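A.B. asks: Model the following, please.
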Amino acid sequence: MGGGFVGMMEAFVKVAPSVFAVGGYFSRAVVTLGASGFLFGVGTQGTAVLREKDDIFNYAVGGALAGLPMAKRYGNVWAGLGYALAFTSLGIFSRTLLVRPKGEFTTMYKKPSGNMYERSYGYNFHHYKRFGRD
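C.D. replies: Okay, the predicted model is just below:
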């Protein structure tokens, strides 16, 4: 009985580094992709607020910023530029094909008629100009 327990502990010690290596690789991938998503959102929304426009340029800036964590992870400028170009293309694709020019999402169900369901789907920048005034 004691020999089986010692054998299990020995097997665990031999296998544990490879199991932890998989966890380390997984956590690095999650952090890199999470940082890319965060920078895409910050770049897109920040550019939209600063320019007070909602157009393709905002998504292009967000996509370009999303390539930065990939450049850091791989330690290669060309990999970062490639990922930035890919994420920029995906950002423009998401803006042109998934969102209508007025800011309405094409995947939304049709709205029932009536004032109760009326809603603005676009950006409203006018409240930034009135900040601090009553």
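A.B. asks: Flag the shaky bits of the chain, pLDDT-wise.
C.D. replies: Counting by pLDDT under 70, the chain contains low-confidence residues at 1-25, 98-134.
A.B. asks: and residue 86, how far is that from residue 52?
C.D. replies: 28 Å (Cβ to Cβ, to the nearest Å). Placement of C-beta: from N, CA and C, glycine included.
A.B. asks: actually residue 69, not the one I typed
C.D. replies: To residue 52, residue 69 is 28 Å away according to Cβ to Cβ.
A.B. asks: More neighbours: those two, which one.
C.D. replies: For the pair residue 69 and residue 52, the greater number of neighbours falls to residue 69 (20 against 11), based on other Cβ atoms under 10 Å.
A.B. asks: Find the helix or strand that that one is a member of.
C.D. replies: Assessed by DSSP states H and E, residue 69 sits inside helix 68-74.
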